[in-house]
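Trainee: With the input below, show me the fold.
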Amino acid sequence: MQFLSAEEAAELLPDGATLTISGNGSILQPEAVLAAVEAAHEAGGGPKGLSVFYPVVTGTAAGTGVDRLAHPGLVRQVTASCFDIWGVDRMARLVRADRVEAHCVPMGMMFAMLHAAADGQPGVLSRIGIDTFIDPAVRGTAQNSVTRSSLTTRVTVHGTPYLFYRAPAIDAAIVRASVADEDGNLSLYREPIQQAVLSMALAARARGGPVIAQVGAVVRRGSLPAERVAVPACLVDAVVVDGRQQQTCDREYDPTLTGEWAVPLRPEPLLLGPDKVVARRAAMELRPGMVVNLGFGLAALVARVAAEEGVAGELVLSVEHGPLGGMPTGNRIFGAAVSPTCILRSTDVFALYHSGQLSLGILSAAEVDEAGNANVSRFGEAMPGPGGYIDITAGSPRLVLLSALTAGGTRIEVDGGALRVRSEGRVPRFVRAVRERTFSGGAALERGAQVRYITDRCTFDLTSEGLLLTEVAPGIDVEADILAHMAFRPRIAAKLRPWPEELFGQGPVGLRVLWRAAAAGSRPVPVMRGRAPRLQHAQDDPGVFAVAEEPGAGADAAPAEAF
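Mentor: Residues are numbered from 1 along each chain as shown. Predicted coordinates for the structure are as follows:
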């Protein structure tokens, strides 16, 4: 092991190598080493023809992170679960322009492929990805016209279809750690996630390739407790010390993100607006003790709502990057959590998901079609990729997908106890057929999953006959504000339910009251009175809110079906 400058370390990368890189946004981002590789290339030196294998985009803005490698000649091929996010989009531009070969693979399966490579296995057999675009029976992993093959093969084992994911031949790894000791042992004790730094190092060393580690500081030999060593020195070839290294893009070190400090989960309340209303409606699907994955975007706000309601500590909230418990952070440093109970390695958190341990997944959707398929990975010019979406949706028995009904100019306002559409978007989100099938409604139904779609104005449930409109927010006209902006006509429940008026108030929704009522055998349910609904107790199934029968309601009110 050597202590080298970033420039010296960049010289260790051989031409034509398959390189794996740690990082998620600014977390575990080895920016100094990547900048040195880019500088060597621009000076006419450095490695050429790299194949880059990164499970998550690392970088915080255009030109940082993996953007450093997005130069023709420097990179020949890229395999990733996501391509453009946080403004880091140069690799996506090369892919769209057919300047590099490109494969897109679910995040969890990329970590599994790294583990297989480290273990000397040919690949991974899994049901993850069946009937999505990853499946070669649908399209395969290739992302452009210059990529001729797929990294997946469909095989049948005992009559059941699986996908075989071919393990990469990793030749080098660039990873980040918090500190190294004088021998080169690496510790991640100040990092909000563990990711798969050890698997990356093992995969590279399995083929005799270099492992380059960027750290923030060096500590004396013997000062790292054994349980704090994430990668032993025998797997490290070079250590680069970057004294400017921070824990995340906006903080030097926050002990609440590592679980070192446990703090009350009392964030500043979200401003009341349509996003908060939707996040509150999604939060009503939560129940005590659930293990819940919260996705990127609007879904991440559900953690804030749960904390505002004082119930976050009664759930196991998680994100696919490893933290379990606490309150997942928002989009700026997505992947971390405040006061987590534990931080799993990526291979382990996805094993938890793949094995069906999730109770509920709450994620976003960019497009939804009449069969209930969803797309988050490619639309318009954007190609963010699926990240862990395919892994999560394939392993959760219950799913809530959040989506606006239209995009491109949509403006909805909270007006008292109702929503008002002030201007409609130009781009419909509910389409005849999604451009790319990131989630398969058919596969979900086949395995018995329950799927709900909560939009910025209504709710749909997935049935064997397609989408069923079940709930409408007060103030929304079904024909003018919903059906007129869909490319297909969904089935409509005989008795549409209203969203509860508590969603639109300044105070808490009352999730704890709902849970106590459910535990007692009764539950608060919204009542239609020709205005915004209120809550009352009713003896019923505690699955979801429902329209209650009351004197004078007659045929206009009926019990809802549990989700």
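
Trainee: what's the distance between residue 295 and residue 403?
Mentor: 12 Å (C-beta to C-beta, to the nearest Å). Every C-beta, even on glycine, is put in place using the N, C-alpha and C of the backbone.

Trainee: What distance do you get for residue 343 to residue 175?
Mentor: 16 Å.

Trainee: Those two - which one has more neighbours?
Mentor: residue 175 (29 against 24; other C-beta atoms under 10 Å).

Trainee: so residue 35 touches residue 5, yeah?
Mentor: No. Checked against C-beta atoms under 8 Å, the pair residue 35 and residue 5 is beyond contact range at 11.8 Å.

Trainee: who's more crowded, those two?
Mentor: Legend: neighbour count by other C-beta under 10 Å for residue 35 and residue 5, higher for residue 35 (18 against 14).

Trainee: helix or strand for that one, which one?
Mentor: According to DSSP states H and E, residue 35 maps onto helix 31-42.

Trainee: quick one: buried residues of that helix?
Mentor: 31, 32, 33, 34, 35, 36, 37, 38, 40, 41 (16 or more other C-beta atoms under 10 Å).

Trainee: so how far is residue 38 from the first one?
Mentor: Between residue 31 and residue 38 the computed distance is 10 Å (C-beta to C-beta).

Trainee: Now do the shared contacts for those two.
Mentor: residue 68 (C-beta atoms under 8 Å, 6 or more residues apart in numbering).

Trainee: for the helix holding residue 35, packing partners?
Mentor: helix 6-10, strand 172-176, strand 211-215 (3 or more C-beta pairs under 8 Å, 6 or more residues apart in numbering; DSSP states H and E).

Trainee: try 6 Å this time
Mentor: When contacts are defined as 3 or more C-beta pairs under 6 Å, 6 or more residues apart in numbering; DSSP states H and E, helix 31-42 packs onto helix 6-10, strand 211-215.

Trainee: Extract the C-alpha trace of it and format it as CSV.
Mentor: Extracted C-alpha coordinates of helix 31-42, given in CSV (Å, rounded to 0.1, in the frame of the first residue of the first chain):
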residue,chain,number,x,y,z
GLU,A,31,-14.0,13.6,-6.2
ALA,A,32,-10.3,14.3,-5.9
VAL,A,33,-9.3,11.1,-7.7
LEU,A,34,-11.9,11.4,-10.4
ALA,A,35,-10.8,15.0,-11.0
ALA,A,36,-7.2,13.8,-11.4
VAL,A,37,-8.3,11.1,-13.9
GLU,A,38,-10.1,13.8,-16.0
ALA,A,39,-7.2,16.2,-15.8
ALA,A,40,-4.8,13.4,-17.0
HIS,A,41,-7.1,12.7,-19.9
GLU,A,42,-7.4,16.4,-20.9
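
Trainee: Report the distance from that helix to the chain centre.
Mentor: Here helix 31-42 shows a centroid-to-chain-centroid distance of 28 Å under the convention C-alpha atoms, centre = their mean, to the nearest Å.

Trainee: begin at 43 from here
Mentor: Noted, 43 is the first residue going forward, which turns the last one into helix 73-84.

Trainee: Tell me the helix or strand right after that helix.
Mentor: strand 92-96.

Trainee: Contacts for that following strand, please.
Mentor: Contacts with strand 92-96, where a contact means C-beta atoms under 6 Å, 6 or more residues apart in numbering, come from 59-63, 108, 111, 117-122, 210.

Trainee: what's the burial count for the residue nearest to residue 279 when sequence neighbours are not counted?
Mentor: The shortest distance from residue 279 to any non-neighbouring residue, by C-beta to C-beta, 6 or more residues apart in numbering, is to residue 252 (4.4 Å). Counted by other C-beta under 10 Å, the residues lying close to residue 252 total 20.
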